[in-house]
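K.L.:
give me the fold of what follows.
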Amino acid sequence: MFELKPDFEEVLGRYEAWWDCEIVDRPLVSITFPKPKAERIPEPAPKTHATLRDRWMDTEYLVTSTEAALRNTVFWADSLPVAWPNLGPEVFSAFYGCEMDYGETTAWSKPILADWSPQSLEKLQLDSRNFYYRKILEMTDALLEAGKGKFIVGYTDLHGGGDAIAAFRDPQELLMDVIERPAQVKALCERVTSDFLRVYDLYHEKLTAAGMPSTTWCPATCRGRYHVPSNDFSCMISKQAFEDLFLPGIIRECRSMDRCIYHLDGRQALRFLDILLEIPEIHAIQWVPGAGYDYWAGWIEVYRRIQRKGKALQILSIPANDLPHLFEALRPEGVWISDVSGITNRDEAQAVVAAISRWK
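P.N.:
This is a model prediction of the structure:
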């Protein structure tokens, strides 16, 4: 089906089993490493851009550099050769008119909701003629054309709900709004969620029509509609505010999907874990503890809490030498190891897969 993943259907079966905390033949594991130099294709010639923003907006550069990177990588075991258009994690808010500032590896939006007056809220509208809206579609189409029969194309990183509103308003302002204007915040969240679902449908239909499975920046997949719900803003608010104002929108997003892995980002967000684990439409948890706290073994009790609730989980990275410790600490059902560090060649990758296959 895909030149860079000829065993995709077999791998898809493992992902479907993982969502249900089951195992087909072994636990889910993704391993990537560079191809040997003799097997690599030439990198595209260096290209000079006047600004970082120009580089981000260069669709041709995105396609050529992405295809070269994919072709020069070995996608072993359950790893997927995924390309997706990326204009920063707040690009959904840019669809409403937020302007974006671009750095080397990420981007930030500029707030546009100055107040909660009816006039300001009326101006805040999702715009299908918006530059960023059209640019993401352009990039998606270009990747689809380049990826035919070769690699998988996913949809862009879409942050709706509380994260979108924080970008409109500025996080510090929204913190006060949560206290002073909760009804207006909740109403806007409901409207933004409706817009989010329409945008998701647009991309899902486009990618499905091109023969692509559902995927995005977190390269899992499923048969049907796959989504990564999140609310990074929630780290700064109370449990009560999260449940009252933002959780209904998250549940609504999840109920529109077939499979969801919740992106739980930051140690301050751990207080929401039990709430999220009670939502039937959340099938898995991606726990991101933050820079300096990301060693997997420091969070074994969190992974056990997830497993006790019958949910799947993603371990972002683990050194190959730590695998015996992992096998003792957790049950294999529902575990996705999405990166095994220290792997440089096929022999090492095969040895890791063989070890994981013996995990009972």
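K.L.:
relative to the lowest-mean-pLDDT helix or strand in the chain, what are the paired strands and their orientations?
P.N.:
None of the helices or strands of the chain scores lower by mean pLDDT, DSSP states H and E than strand 107-109, at a mean of 94. Strand 107-109 has the following strand partners under DSSP bridges: strand 100-102 (antiparallel).
K.L.:
hmm, who's touching the least confident helix or strand of the chain?
P.N.:
Strand 107-109 is contacted by residues 56, 87-91, 93-94, 98-101, 167 when judged by C-beta atoms under 8 Å, 6 or more residues apart in numbering. The C-beta positions use only the backbone N, C-alpha and C, and glycine is treated the same way.
K.L.:
go again using 10 Å as the cut-off
P.N.:
Residues outside strand 107-109 that contact it (C-beta atoms under 10 Å, 6 or more residues apart in numbering) are 52-53, 56, 86-94, 96-102, 132, 164, 166-168, 170.
K.L.:
can you flag the buried ones in these?
P.N.:
Buried residues within the contacts of strand 107-109, counting neighbours by 16 or more other C-beta atoms under 10 Å: 56, 86-94, 96-98, 100, 102, 132, 164, 166-168, 170.
K.L.:
could you tell me which of these are located in strands?
P.N.:
Met100, Tyr102 (DSSP state E).
K.L.:
pLDDT score for the closest residue to Lys206 other than its chain neighbours?
P.N.:
Spatial nearest neighbour of Lys206, chain neighbours left out: Thr140 (6.6 Å); criterion: C-beta to C-beta, 6 or more residues apart in numbering. Listed pLDDT for Thr140 reads 98.
K.L.:
isn't Thr140 right next to Thr156, touching?
P.N.:
Yes: assessed by C-beta atoms under 10 Å, Thr140 is found in contact with Thr156 at 7.4 Å.
K.L.:
what about these two, which has more around it?
P.N.:
With neighbours defined as other C-beta atoms under 10 Å, Thr140 and Thr156 compare such that Thr140 has more, 24 against 21.
K.L.:
how close does that one sit to Tyr200?
P.N.:
Thr140 is 13 Å from Tyr200, where distance means C-beta to C-beta, to the nearest Å.
K.L.:
stretch 221-230 - what's its average pLDDT?
P.N.:
For stretch 221-230, the mean pLDDT works out to 98.
K.L.:
now the common contact residues for Thr140 and Tyr200.
P.N.:
Joint contacts of Thr140 and Tyr200 (C-beta under 10 Å, 6+ apart) are Tyr155.
K.L.:
burial measure for Asp7, as a count.
P.N.:
Asp7: 12 surrounding residues under other C-beta under 10 Å.
K.L.:
okay, it: pLDDT?
P.N.:
The model's pLDDT for Asp7 equals 98.
K.L.:
what touches both of Thr140 and Thr156?
P.N.:
In contact with both Thr140 and Thr156: Trp84, Pro85, Tyr203, using C-beta under 10 Å, 6+ apart.
K.L.:
how about JSON lines for these, with distance to Glu43, neighbour count and pLDDT added?
P.N.:
Formatted as JSON lines, these follow (distance: C-beta to C-beta, whole Å; neighbours: other C-beta atoms under 10 Å; pLDDT from 0 to 100):
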{"residue": "Trp84", "distance to Glu43": "20", "neighbour count": "22", "pLDDT": "98"}
{"residue": "Pro85", "distance to Glu43": "20", "neighbour count": "24", "pLDDT": "98"}
{"residue": "Tyr203", "distance to Glu43": "29", "neighbour count": "22", "pLDDT": "98"}
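K.L.:
thinking again about what came up before, just the CA atoms of whatever helix or strand comes next after the least confident helix or strand of the chain, as CSV, please.
P.N.:
Using DSSP states H and E, the helix or strand that follows strand 107-109 towards the C-terminus is helix 118-123. Below are the C-alpha coordinates for helix 118-123, written out as CSV (Å, rounded to 0.1, in the frame of the first residue of the first chain):
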residue,chain,number,x,y,z
PRO,A,118,-20.7,41.4,21.5
GLN,A,119,-18.9,43.4,18.8
SER,A,120,-15.5,41.7,19.5
LEU,A,121,-17.1,38.2,19.7
GLU,A,122,-18.9,38.8,16.4
LYS,A,123,-15.7,39.6,14.6
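K.L.:
CA-only coordinates of the helix or strand hosting Gln172 in PDB, if you can.
P.N.:
Using DSSP H and E, the element containing Gln172 is helix 171-180. Coordinates of each C-alpha in helix 171-180 appear next as PDB, following Å, rounded to 0.1, in the frame of the first residue of the first chain:
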ATOM      1  CA  PRO A 171      -3.300  33.000  28.500                       C
ATOM      2  CA  GLN A 172      -2.900  35.600  31.300                       C
ATOM      3  CA  GLU A 173      -6.100  37.400  30.300                       C
ATOM      4  CA  LEU A 174      -8.000  34.100  30.000                       C
ATOM      5  CA  LEU A 175      -7.000  33.100  33.500                       C
ATOM      6  CA  MET A 176      -8.900  36.200  34.800                       C
ATOM      7  CA  ASP A 177     -11.800  35.500  32.400                       C
ATOM      8  CA  VAL A 178     -12.200  32.000  33.800                       C
ATOM      9  CA  ILE A 179     -12.900  33.600  37.200                       C
ATOM     10  CA  GLU A 180     -14.800  36.700  36.100                       C
END
